[in-house]
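Visitor: no sequence on this one, just coordinates:
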């Protein structure tokens, strides 16, 4: 029996992915956006796991891309370019009537605070951020830690994430994980696959 529904934040509750940010950095550094993504990923992971401060991240990134530190804009770019997916948030609010609702997100503390002030934080009984857990998706250990904290079995939760690797990792330990592409497909899948009231 399903007891809890966990959402990812970025790419699901929040309509934003870092692809936009990589394109911005590409435009000011004249480095290919795909190359920038590969360069940034290791230090971004450390930032999102709370192993690196935003200040240090900004300094490292500015040095790597040979751009002024003030142009890095990690938090400010997110603040100005992200928006809440109101349909998904309404869906989460509706589902709260019958299920516990939570989120599990790879996010640094600065972006988490920005998001926290934009959503109805109270609807989320469970709030899991990689920066405070010191680990991130798709590491299966983060899902195991989340299950232990919630005192639930894998088959008792549904996990919704936009990234295929995160979904596959959650599925590998028995969690009902589905990949988010858009609101309509998500709603249809929840109703058809899990018979949730829509």
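Guide: Arrived safely, thanks for sending. Please read all numbers here as calculations on a predicted model, not as lab measurements.
Visitor: Residue 131 reaches residue 49, doesn't it?
Guide: Yes: because the distance of 6.6 Å satisfies CB atoms under 8 Å, residue 131 is recorded as touching residue 49. Backbone N, C-alpha and C define where each C-beta goes, glycine included.
Visitor: shared neighbours of the two, which are they?
Guide: Common contacts of residue 131 and residue 49 (CB atoms under 8 Å, 6 or more residues apart in numbering): none found.
Visitor: What ranges does this structure have for its strands?
Guide: 4-7, 14-15, 83-84, 100-105, 126-129, 157-161, 176-179 (DSSP state E).
Visitor: mind giving me the domain split of this structure?
Guide: The chain is divided into the following domains under automatic domain parsing: 4-15+83-194, 19-81.
Visitor: would you list those in TSV and tack on mean neighbour count?
Guide: As requested, the domains of the chain are exported to TSV (neighbours: other CB atoms under 10 Å):
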stretch	mean neighbour count
domain 4-15+83-194	18
domain 19-81	16
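Visitor: possible to save the ones you listed as CSV with mean pLDDT?
Guide: As requested, the domains of the chain are arranged in CSV below (pLDDT from 0 to 100):
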stretch, mean pLDDT
domain 4-15+83-194, 97
domain 19-81, 97
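Visitor: so where's the longest helix in this structure?
Guide: If you go by DSSP state H, the chain has its longest helix at helix 33-48.
Visitor: and residue 144, what does it touch?
Guide: residue 173 are the contacts of residue 144 under CB under 8 Å, 6+ apart.
Visitor: If we use 10 Å, what do you get?
Guide: By CB atoms under 10 Å, 6 or more residues apart in numbering, the contact list for residue 144 reads 154, 173, 175.
Visitor: right, and the last one touches residue 146 too?
Guide: To tie it back to what came earlier, the one meant is residue 175. Yes: Residue 175 lies in contact with residue 146 (CB atoms under 10 Å); the separation is 9.1 Å.
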